[in-house]
Every structure is written in C-alpha cells, then in structure tokens.
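Chemist: coords below, sequence missing:
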C-alpha cells in the first residue's frame, strides 16, 4: 500500500484538475446530444468491501495526504469541499473536484448516489461541504490521476451547517465561500425561525432545517419549530424525520392544526394507515368538514385499510393512477392470513396453513425499489472485481435501494431479510448500508417490471421491462410448475394461486420465466445460475423416466432446426403460401405422440413444453393458408401447454381459446367459458371490461 501525497504521487495542480473536469463535462454533454438514449459502454470497478458507520463520533479525521492507495481507510472520514459542480461520467458515476482541510485537491467519483434522469449539477454544486466516510483512493486507469471513489450513498454526508463542519475539523478561516447559505448567527429563536421561513419560501429546505434546528436550541418546546421542520422533511421526502418532528409537536400542543396535518401526511407517506386514521379524524374535527385536503386524506386512508385487511382493490382506479405515475401512493399491501414464512433447510419459503382454491388472492405488495424502462437506457456493464455482467436498470435499482436504506433501519432490515444467493457476502449490521450485499440481493431476487400500466403476463423481457425488488414475493421458491401467478398494476405486484393448494404446500414461482425449455436445459440453467436442484412434479417425472428426457432432448433439437429454417428472410408471405407444411405437421404429431394430452393418461406424463414456438408458427401459417383443422390442432396444443405452466386462467391460455373460438365462427360458448376461467383464476379482482383491454387485437370479441 502506497501513502498518498506529494512524495509518492504525481500530484496535479488545481488548475490542471479544473481544466480536465471542464473537458470531461463538455465530452459528456456532446455525447448526450448525439446519442440521447444511449449509455456509453463502461466497466464498473467497485472499491474493496467496507462497512460504513455514519456515527462520526466513532471515526477520526484523515486528509488526502494521509490516505493509502488502493485501500479502504477504515473508520476514518475525509472533510472536503467541492470546487466545481458535479457532472456525470460514462460509467454512470458523478464526478467532481474536491479540496480537503489542507487545501490539497483531488478528483472524486460518486456511485449509486442519485437517479439517472436527475440533474447532477444540482446534487453537489460548487462549495458543497461533504464528509466522505471510509474514503478509498486509487489511480484512474485512463490517465493515472488519483481519484477518490464513493461506492455507497451511505459513505457521503452533505453538511449544511457551517458551524457543524467547523466542529468536525474544517478550518474556521476557510469557511467563507459557502454556496447559498447565510450563517445563522442570530441570537433569538424568532429571528432564526424567520430566516428558516425565508429559505423555505425559496425552496432551500435543507438550509431551512438548519435554521429551525438552531432555533430549537434556544426554544426546545416551541411547537411551530417542530411543525416547520416537519414541513421541510416532507418536501425532502424524509418521512421518518417528518413523523418524529410532527409527533413531538403534536405532543406539545395537540390543537396546533398545521402540525397535526403534517403528522397525517408523514404517516400517509410511511403507509401506516391504521395509525393514521385517528389522527385524520381528529384533523377533520379541528379544521371542519369542508377541508378538501383532510377529506381526501381520510377517504384514501379508509380505502387503504380495506385493502390491507380484506384485499379489496379498485383496479380501475389504480390503473388510472399508474397512467400518471407508475409508483403508486396511498395504497396498502395485503398479505393473506393463511400464509406464513417458514425456514426450509438453509433458506426460507412461504407455505399455506389451510386448503385454498385456485384463484385465491395471496398477496399484494408494493415494490421496495423499481426502475422503469424510460428512466434508464438499456446497456450492460461489467463488474471487473466479480466478473458479473449487470444491466444499467439493475444497477440503477441497486442504487435506489441503497439510497432508501441510508439512515432507515426498517428499510435496511427488510432488504437484509433476503438471501444474497450464491454470492459470498458476509452479513453485517442492519444499521449499515453494504452495497456489495445489496447488489447480491438484487441479483438473486429482482423481478422484471413490465413497462405497461396494466400487464397480466407473468414476465416481460428486453427493453420493455424495468427491474424491481418486492420483499415478500422474493421469498417464494422455484417450481417448474408453479403454484402462483403474478401480475402488476403500477409498482404493485398481485399474486394469486394458479391451482388448489393444501396445508403445508409451498407457494412458488418459476425462475425460468416464460421460455419453453426442455427438462435438460432447465436443469442445467437452475444448477448453473441458481445453484438449485428442482424437485417439482415435472422434474421428478423426468428424473424417474430418463428415457423421456432423452426423447424430449432429441425432439427439441428437431423442432429448433425446423423453426430456424422459417426465421428471417424465409418467413415471407410467398413462403407461407408456397412452403410445404408437412414437416411442421409431422413434428406436431410426434410431440402429441410422445407427450400426449391429459386424457386418459395421468397428468404427470405431460410435462413437456417444447411445442410453444412450434404451435405459434403453425397457427400463423395454417391460418394464412386456410388450413383450419391444422390451425385448431396447434391452438389446442398451445392452450394446453400454456395452462400447464401458467394455470387455467392465464393470459396465453385465454388468448389461445379466443383464437380458437374466432376460427370456429365466434363460438360464444367457448368464449364465455374462457372468460369465466380467467376471472376465477384471478381472485375476482378482474372484471369483464378488463378483458377488452387485454384482447383488443382480436376481432368481434364482446367481453
């Protein structure tokens, strides 16, 4: 380890660093103008793992000249001030130039610090006072310049009060060039409150917090100060702090209406609806029955309590809200009383305590963190230390979770309740934000988040899907024949039973998505990526009948070869009209022979799902050629396989049934049977008019 400083490092002058920073800002602006929807390919090289404590009383001050190269300076903190506004680099970090207490200067890069679409220049403008905890420094690979890396949002604190910064060790004679701050030297509580009100009116909420805090030092029982500081925290989305201040103010004077309303708002954003209800009713009594804000708050609280206790959701209202903002507010989670989380060997799972029918609502859960496609352009990054590839949306979701965990014990505890999978990450304190562990948890537990405001299909892949983390559903284990189905409205995941269950049954999803893989392919994927051996009905059947697994493997290769010959330029109108269909029909016949329909053989012999792409192709080609019997035969097989993996009420099952009915001269009886199957499978939450949205492309369907 090399000491950092003039004796060992080619230390650049301040003017050189500022010139390099200006050039980097210009290059990134030019790239953004030329390719606004692109993320430059980059390699992400995180700093060595370190634990972060934000209790500065347990840490000691360090300067740039005292730091070690390529080593975490554990239990130390660096006081610094930005001398240029922050910009954004190709590797998605924020970068700036800082000076320390000795006026030494260095580049700095912040990772996971703020959302991609936000303005980096407003995060740390020139003159920002920062504390960097456990600072890490290394040489930049491109130009050999030393750079301080900050990998976790918990590793950096912005100090708004200059007197606090001086107490931490900053020279008092070098505090003057502070951006947008007038020193709170006023001697009375009222004067400090008035200055805070001025900053609040200017939307400088952090500076207003400093003023109200200083006023409370003089008058610690003044309710208006707690109320005003709670208002600042509400604007800053620091709802726990807003709750603490509003609750303290209410305890001092329960008749101070503004404080009571802010207490209600903080509980609303914290989604503590049962605790909120009596306060909202009290606010209505104090203010009167005609206040629109309180009435709306009270009405939404009652709706949320109904959602939380009975699982009753107004999907139309939620869909309308998600069209405006996919991150829904004012709605509660629901967890069915018949499920429980239990230990299962070295891990955990979710089981049912009593028998329940197919279609029963299991849970409705809001995302802990999620990133929608429009927020982050799709690209891949490589973590050089682990060798893992990570897409930019997953990277952004990791940052979102990490930011949410800072100074939030409950959020940190929720995240750390999840498994980090195969990654060797040691558990730390629930009070620490360990980005390595958060990344491993996301890699092991995240779900695709569909882009559309109402999506009923279980998974969505590619550029049309984002990434998110849902805590309770992450505890569901894998089965190739899952017991549950899921869909999304905004950032809420709805989970229903896809089949009848009995006491002790596990609740499961399929970790292999919607791909129709052979047993051998699925087994290889689960062992290589998930490090698990599946013992579901399908895998158990093939394990007992290895000859069937070999037949499936051979047949799968033949199907893939035939499908490949139809892809690309070969799939044209003229090819559809002229090409011989007998090879497709022969493959369908072989599939039906080796893996027949449920009657009369027992269901366990039908766990092959090779026909999905084949039957889709046959349906399109045979329909275009007017070969209705072949098209209907392919649709029946497609419908059967969709029901096998997704349950009888699944979307593709319904779509296949509607297609079959359409080819069958609008068979109204079959359409009605399919509608009833779909509604039953989704716990009664969907209504008939939702099917119109889902099946709008189909002609003459009156749902």
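Modeler: Structure's in. What do you need? None of these values were measured; they are calculated from a predicted model.

Chemist: Give me the below-cutoff pLDDT ranges for the stretch 401-550 of the chain.
Modeler: 421-431, 451-464, 513-517 (pLDDT under 70).

Chemist: Okay, helices next: where are they in it?
Modeler: Assigned helices in the stretch 401-550 of the chain, in chain order: 409-416, 435-445, 519-525, 537-544, 546-566 (criterion: DSSP state H, counting those that start in this stretch).

Chemist: List the buried residues for the longest one?
Modeler: Neighbour counts over helix 546-566 (16 or more other Cβ atoms under 10 Å) mark 548, 549, 551, 552, 555, 556, 558, 559, 566 as buried. Bear in mind the C-beta positions are built from the backbone N, C-alpha and C, glycine included.

Chemist: How about the third one: what's its closest non-neighbour residue?
Modeler: With sequence-adjacent residues excluded and distances taken as Cβ to Cβ, 6 or more residues apart in numbering, residue 551 is closest to residue 594, at 5.4 Å.

Chemist: can I assume that neighbour is in contact with residue 550?
Modeler: No. The criterion here is Cβ atoms under 8 Å, and residue 594 misses it with residue 550 at 10.8 Å.

Chemist: quick revisit: between the buried residues of helix 546-566, which sits nearest residue 614?
Modeler: Using Cβ to Cβ, residue 559 comes nearest to residue 614 of the buried residues of helix 546-566, at 5.3 Å.

Chemist: residue furthest from the geometric center of this protein?
Modeler: Centroid-distance maximum for the chain: residue 578 at 48.0 Å, with Cα atoms, centre = their mean.

Chemist: do you know how far that one is from residue 625?
Modeler: Residue 578 is 10 Å from residue 625, where distance means Cβ to Cβ, to the nearest Å.

Chemist: so who does residue 159 touch?
Modeler: Contact analysis of residue 159 by Cβ atoms under 8 Å, 6 or more residues apart in numbering lists 129, 130, 131, 165, 168.

Chemist: next one: phi and psi at the fourth one?
Modeler: Which is residue 165. phi -60, psi -40 (degrees, to the nearest 10).

Chemist: Would you confirm that it contacts residue 127?
Modeler: No. If you go by Cβ under 8 Å, residue 165 and residue 127 don't touch, sitting 11.5 Å apart.

Chemist: which of the two has more neighbours?
Modeler: residue 165 (20 against 16; other Cβ atoms under 10 Å).

Chemist: residues near the residue nearest to residue 551, how many?
Modeler: 15.

Chemist: What of residue 345?
Modeler: 6.

Chemist: Distance check, it against residue 533.
Modeler: As judged by Cβ to Cβ, residue 345 and residue 533 stand 12 Å apart.

Chemist: same deal with residue 471?
Modeler: Using Cβ to Cβ, residue 471 is found at 26 Å from residue 533.

Chemist: a helix runs through residue 231, doesn't it?
Modeler: Yes. Residue state for residue 231 (DSSP: H, G, I helix; E, B strand; the rest coil) corresponds to a helix.

Chemist: Mind pulling up the pLDDT for it?
Modeler: In this model, residue 231 is scored at 97, pLDDT.

Chemist: Name all residues that make contact with it.
Modeler: Residue 231 neighbours (Cβ under 8 Å, 6+ apart): 200, 242, 258, 262.

Chemist: Look up how far residue 419 lies from it.
Modeler: Where residue 419 is concerned, residue 231 sits at a distance of 40 Å (Cβ to Cβ).

Chemist: Residue 88 now?
Modeler: On the measure of Cβ to Cβ, residue 88 and residue 419 end up 33 Å apart.

Chemist: More neighbours: the two, which one.
Modeler: In this view residue 88 and residue 419 are compared by other Cβ under 10 Å, and residue 88 has more residues nearby, 22 against 15.

Chemist: For that one, name its beta-bridge partners.
Modeler: residue 94 (DSSP bridges).

Chemist: is it true that it touches residue 96?
Modeler: No. Look at residue 88 against residue 96 with Cβ under 8 Å: they stay out of range, at 10.6 Å.

Chemist: quick one: the helices in the stretch 251-400 of the chain?
Modeler: Under DSSP H, counting those that start in this stretch, the stretch 251-400 of the chain gives helices at 257-269, 273-287, 292-310, 315-324, 392-405.

Chemist: Determine which stretch of those helices is the most buried.
Modeler: helix 392-405 (a mean of 24; mean count of other Cβ atoms under 10 Å).

Chemist: now that one against helix 409-416, angle please.
Modeler: For helix 392-405 against helix 409-416, the angle by axes from the mean of the first three to the mean of the last three Cα atoms, to 10 degrees is 140 degrees.

Chemist: one step back: out of the helices of the stretch 251-400 of the chain, nearest to residue 75?
Modeler: Of all the helices of the stretch 251-400 of the chain, helix 392-405 comes closest under Cβ to Cβ, at 20.3 Å.

Chemist: which strands and helices sit next to the closest one?
Modeler: Judged by 3 or more Cβ pairs under 8 Å, 6 or more residues apart in numbering; DSSP states H and E, the packing partners of helix 392-405 are strand 369-371, strand 380-383, helix 409-416, helix 435-445, strand 465-469.

Chemist: Contacts only, for the closest residue to residue 252 other than its chain neighbours.
Modeler: Nearest non-adjacent residue to residue 252, counting by Cβ to Cβ, 6+ apart: residue 223, 4.6 Å away. Taking Cβ under 8 Å, 6+ apart, we find residue 223 in contact with 249, 252, 253, 256, 259.
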